[in-house]
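J.: take a look and give me a structure for this.
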Amino acid sequence: SFSATQDLQSDMEEVKVSFQNKTSALQRIQIMDALRQKLKQDNEDSRLILETMKHIMLLSQTIIDYQQQAHQKEQQLIDIKMKRLLLKNRGQKLLETQTMMKKQKEKKESVNVIKREKTLETLEKERETITVVQNVFQNIIIGSGVNWAEDPSLKAIVLQLEKNVYLQ
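T.: Residues are numbered from 1 along each chain as shown. Now for the predicted structure:
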């Protein structure tokens, strides 16, 4: 209903404009006919009318030229607005891509941190195991009652077993 009313109002405006244009065209034709009749008389009035008509023609041509320039400027403005819109859309897409890449990088770094933590946990367990094994071997050698200080190979083994795994 609202749309139909708007359509009817728009149609009415178009009809009014069309009627005014046709009325103006008819008036111009009537004036031109009267002027032609006056120009045929070839007197001072007709010369003034002719000069005025030439001036009107010059002004009309100038108006047409300015209208064409205005149309060109409007087209350039439309082109610039389209380019701005394209650049804005490209900028938005670039921002979205950068945001996505940043999130992927953060996720990858998070995964790397988790992997590093697991690797450090595994390394810590291995060190603890090595320390236990070293202590067991050291106690076996000491508990066996062998004089390890006199045997160079056993001495090297015992001294090696005393080294702290965490410092290596």
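J.: hmm, who's touching the helix or strand hosting residue 159?
T.: Element membership for residue 159, per DSSP states H and E: helix 152-162. With Cβ atoms under 8 Å, 6 or more residues apart in numbering as the test, helix 152-162 has contacts from 134-135, 137-138, 141-142, 146, 148-149. All C-beta atoms are positioned from the backbone trio N, CA, C, and that covers glycine.
J.: for that helix, the distance to its chain's centre please.
T.: How far helix 152-162 lies from its chain's middle: 69 Å, per Cα atoms, centre = their mean, to the nearest Å.
J.: just the buried positions in it, please.
T.: Residues of helix 152-162 classed as buried by neighbour count (16 or more other Cβ atoms under 10 Å): 158, 161.
J.: mean confidence for the top helix by length along the chain?
T.: Longest among the helix segments of the chain by residue count, using DSSP state H, is helix 44-143. Regarding helix 44-143, the rounded mean pLDDT is 90.
J.: helices and strands around that helix, which ones?
T.: Contacts defined by 3 or more Cβ pairs under 8 Å, 6 or more residues apart in numbering; DSSP states H and E place helix 44-143 against helix 2-39, helix 152-162.
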